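In: my questions concern the predicted model and sequence given below.
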Amino acid sequence: MLSLALALTGCESRPPYKSDAELGLNPQQARGRALYDTYCLRCHEAYISGGRNGPSLMGVFKKKELPSGAPANDERAAEVILRGRAKMAAFSDRLSVEQVQDILAYMHTL
Ligand code: HEC
């Protein structure tokens, strides 16, 4: 069973890197992407569903619920980013409220 799970996650490779223009990001979303790549990507995949050190955030706002079951809205996501949750550290010392808004704008494109 474990080998099957490994095989399944193993074949999901990351798609080639796309530029902000190719993704059709507006300036705010592009700022958010740069911040996301710096602070979030090492734990949260954006364009594939496989988990990393945290759950993938692909399509995060297209679903009704966040992985924890909390409602998938900006308010709740901002709270998680600023205050942290379980194994995820808080970012309130590194990100301004404006930067969190930019990250959320980007997350809406996933
Ligand atoms: C060191 C790894 C790590 C980093 C860096 C990290 N996270 Fe997380 N994140 C996690 C883990 C682990 C969870 C699952 C927490 C849990 O529910 O136990 C999580 C959960 C989440 C959730 C879902 C919360 C819920 O209610 O289900 C969101 C949204 C999220 N992270 C966004 C972000 C954003 C945006 C960033 C960058 C600013 C970020 N994370 C950086 C590890 C990380």
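Out: Looks like it came in fine.
In: low-confidence stretches in this structure?
Out: Regions of the chain meeting the criterion pLDDT under 70 cover residues 1-12.
In: let me see the ranges of the helices in it.
Out: Chain-ordered helices for the chain, with DSSP state H as the definition, fall at 2-10, 20-23, 27-39, 74-83, 97-107.
In: can you name every helix or strand that the third one contacts?
Out: For helix 27-39, the helices and strands in contact under the criterion 3 or more CB pairs under 8 Å, 6 or more residues apart in numbering; DSSP states H and E are helix 20-23, helix 97-107. Any C-beta I mention is one placed from the backbone N, CA and C, and that applies to glycine too.
In: got it, and the last one?
Out: In this structure, helix 97-107 packs against helix 27-39, helix 74-83, with contacts taken as 3+ CB pairs under 8 Å, 6+ apart.
In: now do the contacts for the residue most central in space within the chain.
Out: Most central in the chain under CA atoms, centre = their mean is Leu57, positioned 4.0 Å from the mean C-alpha point. For Leu57, the residues meeting the contact criterion (CB atoms under 8 Å, 6 or more residues apart in numbering) are Cys40, His44, Glu45, Ala46, Met107, Leu110.
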